[in-house]
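[1] The following block contains a protein sequence and its predicted model.
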Amino acid sequence: MKIIVDENNPCAEQAFSTLGEAIALPAAKITREALRDCEILACRSTIRVNADLLEGTAVRCVATATIGTDHFDTAYLDRAGIRWYSAPGCNADSVADYFTAALLSVAQTQGAALEGRTLGVVGCGNVGSRVARRALALGMRVLENDPPLARQTGDPRYRPLDDLFAADYITLHTPLTPEGPDPTHHLVNEAFLQRMRPGAVLVNTSRGAVLDGGSLKAALRDGWIAGAVLDVWEGEPSPDPELAELAFLATPHVAGHSFDGKVNGTMQIYRQVCEYLGREPAFDPAPLLPPPDVPEIVVDAAGRADEDVIREVVFTVYPIRNDDARFREAMALPGASERSAGFSALRTNYPRRREFSWTRVLVRNASERPLRKLRGLSFQAECAGIETAGKEKPHGR
């Protein structure tokens, strides 16, 4: 059995080799001809999986190591009897790490603290729920909106969208749904943006078309809102360079691109394909994982605000402004084709980023409070050294 895997899925070639002849290819070379005698395709969102790609091939199962399936023509796959799978939640911690770094960066730019501010979360699934927990760890008040979950659970914590417009920050974590009871295509439009408070910041790490770029440009130019953090773009891989220029932070759809998130995605679809084939999973990625790039950080909390300590730790592990700077360089290229190629190259060649949970943080002169916050952000946080007089005694882990 021949299996084609996207080479940007870590460990995929080794995992799927337990099931057959696995061949890793770059996305650009995963063509109909390459798939002619292939039975299983393990891809990412950079590949449009439809009749144009699969008609006349032997493919009977496709799996994407990503949360979304916007790149799948699921109606065609169902008609053709081709099984398809995705990896919901695989990179949720990666996106939550990105969100944490982005919010800390924005707050620093604004000269404001996050503690005590209000966050509105639109979409509270795998990603949105983790983002909400990170915000609570930072001392923020969180308002959650998720109509499907509200109907399914009856839980009063899921608020109407109207309740979120007074929030200081609104973050989007919805799928792209063009129709049905809860359509999200251009959910964020002129009316939505004009209802946000003037000093608010919008964050979008979901799908580019969840917001209307033209309306957002007007909102940013005219001061309806204070700013935006944008990781996803309508028309990828050709984002609007003018919108990127207006954003507080702009990145090339990499919020979920942590190394660990990609490995999780690979393993999730590998196990699903094993089940489809009636085979027991026989691959463990642990021996292949590299050591964390930042295994340990020592930081001194004496005389410092919790948020300053947290910011130092977060930016050491994930210097998010580097992603922003590289993206802006690509968007400054002279032609649309060059910018598009630059966008794709940034995603394909994204530097390895490990998730916060791999880093141990030793905090000198710490009370329990910053330790508790760091743990809430998924770091392994412990007290080190002597506590500053007057601070509560830490308990450690």
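    Thanks, I have the structure now.
[2] hey, where'd the strands end up in the stretch 51-200 of the chain?
    Taking DSSP state E, counting those that start in this stretch as the criterion, the stretch 51-200 of the chain contains strands spanning 61-64, 83-85, 118-122, 141-145, 169-172.
[3] Quickly run through the sheet partners of the second one, with directions.
    I take that to be strand 83-85. Strand 83-85 has the following sheet partners, assigned by DSSP bridges: strand 61-64 (parallel).
[4] which residues make contact with the strand it pairs with from outside it?
    39-45, 49, 54, 71-72, 77, 82-87, 269, 272-273, 276 (C-beta atoms under 8 Å, 6 or more residues apart in numbering). Glycine gets a C-beta too; all of them are placed from N, C-alpha and C.
[5] average model confidence for it?
    For strand 61-64, the mean per-residue pLDDT is 98.
[6] per-residue confidence at Glu329?
    pLDDT at Glu329 comes out at 98.
[7] can you tell me the helix or strand for the closest residue to it other than its chain neighbours?
    When the adjacent residues along the chain are set aside, Glu329 lies closest to Gly342, with 7.7 Å between them (C-beta to C-beta, 6 or more residues apart in numbering). Taking DSSP states H and E as the definition, Gly342 sits inside helix 336-348.
[8] which residues sit against that helix?
    Contacts with helix 336-348, where a contact means C-beta under 8 Å, 6+ apart, come from 8, 26-27, 46, 236-239, 241, 252-254, 257, 326-327, 329-331, 333.
[9] Show me which residues of it are buried.
    339-340, 342-344, 346-347 (16 or more other C-beta atoms under 10 Å).
[10] For Ile3, grab phi and psi.
    Reported as degrees, to the nearest 10, the phi and psi values for Ile3 are phi -130, psi 130.
[11] What is the burial count for it?
    Number of residues near Ile3 (other C-beta atoms under 10 Å) recorded here: 23.
[12] what sits opposite it in the beta ladder?
    Beta-bridge partners of Ile3, counted by DSSP bridges, are Ala22, Ile40.
[13] That one touches Asp37, doesn't it?
    No: with contact taken as C-beta atoms under 8 Å, Ile3 and Asp37 are classed as non-touching, separated by 11.0 Å.
[14] and the protein, what are its domains?
    Taking automatic domain parsing as the domain assignment, the ranges for the chain are 2-86+258-288, 92-250, 296-384.
[15] So what's the gap between the first one and the chain middle?
    Just to be clear, that refers to domain 2-86+258-288. Domain 2-86+258-288 has its average C-alpha position 20 Å from the chain's average C-alpha position, going by C-alpha atoms, centre = their mean, to the nearest Å.
[16] Okay, the residue lying closest to Arg157 once chain neighbours are set aside and Arg279: tell me how far apart.
    Using C-beta to C-beta, 6+ apart and skipping the chain neighbours, the partner closest in space to Arg157 is Glu144 (5.7 Å). For Glu144, the distance to Arg279 equals 40 Å [C-beta to C-beta, to the nearest Å].
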